[in-house]
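> coordinates only, no sequence provided:
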């Protein structure tokens, strides 16, 4: 646990505090930092709140940054030790609104990627009036369609199926070495095959995922989202009205999982958005935090909070 | 190694002998038993020659049974310790013809499933005149087409992509426990989620795959076949003339990997074939060896050897 403890201690030394907040029947671990208009930071998989530390430290002078561990992840509760197929984007969305209720925050901005981007979309459909803006990195969205399962892309998305299997967490967690081999792939490959991005954090990530329930807790998302993902790929997802929340995308040009050209259908799903591209892979927020923080600040400063 | 040693000792006590034969630059381990017209038995993944023991013991009075470990598998050589993308069906086919040359056998029948079925198809295209018949269980063939990668089937075929990754063997071989968890899935699930079929052999299989190079040696097939598989799924595989070798299929009705209804296009790829269905999963030869042995005997006894 040494590496994770050290990372937490360093974050605490920067002024980032972690609290447990009861919300939606869950004990949610949430890291907080800074003062200003609130921004909710939603991590992806295989991440937890710590991935936001570079962004938090850069934006703490402008915003109140709220970085929870999502259901099943990090130090948030894992109510189902067995595989749980109910951890859908809608349930995560309920968790997040309840968290913000518990913190007494009515309106806020949301920043997310990967799993966090699914959650932000669900929040945008559920109660858009509470969101004054959403900012996305790597964004899985229904417009990916059948491309997300096309033959040439199966070498990228196999894990979405493997991670549904009831023994997958047992395999990945069978030893610290196994966990490291597995995580290292997703951290390095999605950073554009750049092992330097997460090199200093790899052992802390292994510490986090070797905590009881954390591997399965992350895999629960893939189990829970499987029916919806299949409908995407089959082109059978019931249409929803476009999201009206003001939105900015900052897409990693070298993201191997969701290549930038697949942003071509965003206009069918968002009515008020702009997009930029960044010289990064999947983890724009971790790979180039200076650029990411600047873009987040610029976007949210342009939006006048609806409540102000 | 105890379980595998015991299994080999029991096979030896039945009269099955194992020899090393040099062929095509490889030291091929080959199990042999019985007298009569020669039948070459081609195992799949995750198998090795031992899977054929029940068939060999049932047919030894009628045929000379020759069950090699394919390149990279079992106790056959692993010339490439690193991932090897050259272990194609054509190369395995060359290995097998060279093995039969070394054994002084000109004409023979072939029985195979899974990887062995790919090899049998390659042999049928290369030198059909040497084969007096082919008998297939679970048969991946180009007529599966895009169905093999359709959204509802990705939960079955993810491993074909995972196993291409350069760290996959390291993960699966990271401990004996990891190897067991992984193998057990394929042995049990493909037997129609019946854990009793391979229960007594599971530790022997773990012993086999934990031998240096054997996990990667099996995964090499998925790396080597990836370009061809992608062409299948994309419907772009250059057509070949139908196979003319007399052929029988005995398809497991409960095979989750290649369901029996996907045998519907066999007629485009074989000009002289018949098909039957068996109450089994992927491993007809291991699940119901009495039925499988009877069908093999009946089929090959009906075929008059071309050389006789």
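That came through fine. The structure displayed is predicted, hence computed values, not measured ones.
> what parts of the stretch 51-200 of chain A come near chain B?
Within the stretch 51-200 of chain A, the positions adjacent to chain B are A:146, A:149, A:151-152, A:154-155, A:157-162, A:164-165, A:167, A:170-172, A:174-175, A:177-178, A:181-182, A:184-185 by C-beta under 8 Å from any C-beta of the partner chain. C-beta: built from backbone N, CA, C; applies to glycine.
> in ChimeraX, how would I select the buried members of the residues you listed?
Buried residues within these, by 16 or more other C-beta atoms under 10 Å in any protein chain shown, are selected in ChimeraX with:
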select /A:149,151,154,157,158,159,160,161,162,164,165,167,170,171,172,174,175,178,181,182,184,185
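> quick one: which of the residues of the stretch 51-200 of chain A next to chain B sit in helices?
A:154-155, A:157, A:159-162, A:170-172, A:177-178, A:181-182, A:184-185 (DSSP state H).
> need the max-distance pair from these.
With C-beta to C-beta as the measure, no two of these lie farther apart than A:154 and A:177, at 26.6 Å.
> pLDDT of the helix or strand containing residue A:90, averaged?
For residue A:90, the element it lies in under DSSP states H and E is helix A:89-102. For helix A:89-102, mean pLDDT rounds to 98.
> for that helix, give me every contacting residue.
With contacts defined as C-beta atoms under 8 Å, 6 or more residues apart in numbering or on different chains, helix A:89-102 is touched by A:21-24, A:26, A:28, A:30, A:38, A:40, A:42, A:66, A:68, A:70-71, A:106, A:108, A:115, A:118-119, A:121-123, A:126-127, A:130, A:224-225, A:228.
> just the buried residues of those residues.
Among these, those buried by neighbour count (16+ other C-beta under 10 Å) are A:21, A:23-24, A:26, A:28, A:30, A:38, A:40, A:42, A:66, A:68, A:70-71, A:108, A:115, A:118-119, A:121-123, A:130, A:224-225.
> please, which helix or strand holds residue A:134?
Assigned by DSSP H and E, residue A:134 falls within strand A:131-136.
> how big is the angle separating that strand from helix A:89-102?
Per axes from the mean of the first three to the mean of the last three C-alpha atoms, to 10 degrees, the angle that strand A:131-136 makes with helix A:89-102 is 130 degrees.
> got the buried residues for the one helix or strand residue A:220 maps to?
Counting by DSSP H and E, the element that carries residue A:220 is helix A:214-234. Neighbour counts over helix A:214-234 (16+ other C-beta under 10 Å) mark A:214-226, A:229-230, A:232-233 as buried.
> which residues are contacting the helix or strand just after it?
Once helix A:214-234 ends, the next helix or strand along the chain (criterion: DSSP H and E) is strand A:247-252. If you take C-beta under 8 Å, 6+ apart as the criterion, strand A:247-252 is touched by A:133-139, A:192, A:258, A:260, A:263, A:266, A:270, A:272-278, A:280-284, A:287, A:291-292, A:295, A:299.
> pull out the buried members of the residues you listed.
By 16+ other C-beta under 10 Å, the contacts of strand A:247-252 give A:133-139, A:192, A:258, A:260, A:263, A:266, A:270, A:273, A:275, A:278, A:280-284, A:287, A:291-292, A:295, A:299 as buried.
> restricted to helices, list those.
The helices, defined by DSSP H, take in A:284, A:287, A:291-292, A:295, A:299 from these.
> would TSV of those with distance to residue A:254 and pLDDT be doable?
Below are those laid out as TSV (distance: C-beta to C-beta, whole Å; pLDDT from 0 to 100):
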residue	distance to residue A:254	pLDDT
A:284	10	98
A:287	9	97
A:291	14	98
A:292	14	98
A:295	17	98
A:299	22	97
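> nearest to chain B among these?
Among those, residue A:287 lies closest to chain B (C-beta to the nearest C-beta), at 21.0 Å.
> so the nearest residue to the closest one once chain neighbours are set aside versus chain B, what's the distance?
Spatial nearest neighbour of residue A:287, chain neighbours left out: residue A:280 (4.1 Å); criterion: C-beta to C-beta, 6 or more residues apart in numbering or on different chains. As defined by C-beta to the nearest C-beta, to the nearest Å, residue A:280 lies at a distance of 22 Å from chain B.
> just confirm residue A:280 contacts residue A:192, I think it does.
Yes: at 7.1 Å, residue A:280 counts as touching residue A:192 under the criterion of C-beta atoms under 8 Å.
> pick out the residue of the stretch 201-308 of chain A closest to chain B.
The nearest approach of the stretch 201-308 of chain A to chain B comes at residue A:233, 3.8 Å away (C-beta to the nearest C-beta).
> can you verify my assumption that that residue contacts residue A:149?
Yes: contact between residue A:233 and residue A:149 holds when scored by C-beta under 8 Å: they sit 4.3 Å apart.
> quick check: neighbours shared by those two?
With contacts taken as C-beta under 8 Å, 6+ apart, residue A:233 and residue A:149 have residue B:151 as neighbours in common.
> re earlier: out of the ones in helices among the residues of the stretch 51-200 of chain A next to chain B, flag the one nearest to residue B:303.
Nearest to residue B:303 among those, with distances taken as C-beta to C-beta, is residue A:154, at 39.0 Å.
> wait, the closest one sits on residue B:154?
Yes: with contact defined as C-beta under 8 Å, residue A:154 counts as touching residue B:154 (7.2 Å).
> so what sits against both of those two?
The overlap between the contact sets of residue A:154 and residue B:154 (C-beta under 8 Å, 6+ apart) is empty.
> I'd say residue A:15 and residue A:61 touch.
No: using C-beta under 8 Å, residue A:15 makes no contact with residue A:61, being 11.2 Å away.
> residues from the stretch 201-308 of chain A in reach of chain B?
A:226, A:229-230, A:233-234.
> try 7 Å
A:230, A:233-234 (C-beta under 7 Å from any C-beta of the partner chain).
> can you pull the contacts of the nearest residue to residue A:173 once chain neighbours are set aside?
Closest residue to residue A:173 in three dimensions, ignoring its sequence neighbours and counting by C-beta to C-beta, 6+ apart: residue A:215, at 4.7 Å. Applying C-beta atoms under 7 Å, 6 or more residues apart in numbering or on different chains, we find residue A:215 in contact with A:169, A:172-173, A:209.
> how far away is the nearest residue to residue A:210 once chain neighbours are set aside from residue B:284?
The spatially closest residue to residue A:210, leaving aside those adjacent along the chain, is residue A:179, at 5.6 Å (C-beta to C-beta, 6+ apart). Using C-beta to C-beta, to the nearest Å, residue A:179 is found at 37 Å from residue B:284.
> do you know the pLDDT at the residue nearest to residue A:210?
You'll see residue A:179 listed with a pLDDT of 98.
> contact partners for residue A:194?
By C-beta under 7 Å, 6+ apart, residue A:194 lies in contact with residue A:188.
> is it in a helix, a strand, or coil?
Three-state call for residue A:194 (DSSP: H, G, I helix; E, B strand; the rest coil): coil.
> phi and psi next, for it.
With angles defined as degrees, to the nearest 10, residue A:194 sits at phi -110, psi 100.
> give me the number of residues near the nearest residue to residue A:118 once chain neighbours are set aside?
Nearest non-adjacent residue to residue A:118, counting by C-beta to C-beta, 6+ apart: residue A:89, 4.3 Å away. Residue A:89 has 22 neighbouring residues, counting by other C-beta atoms under 10 Å in any protein chain shown.
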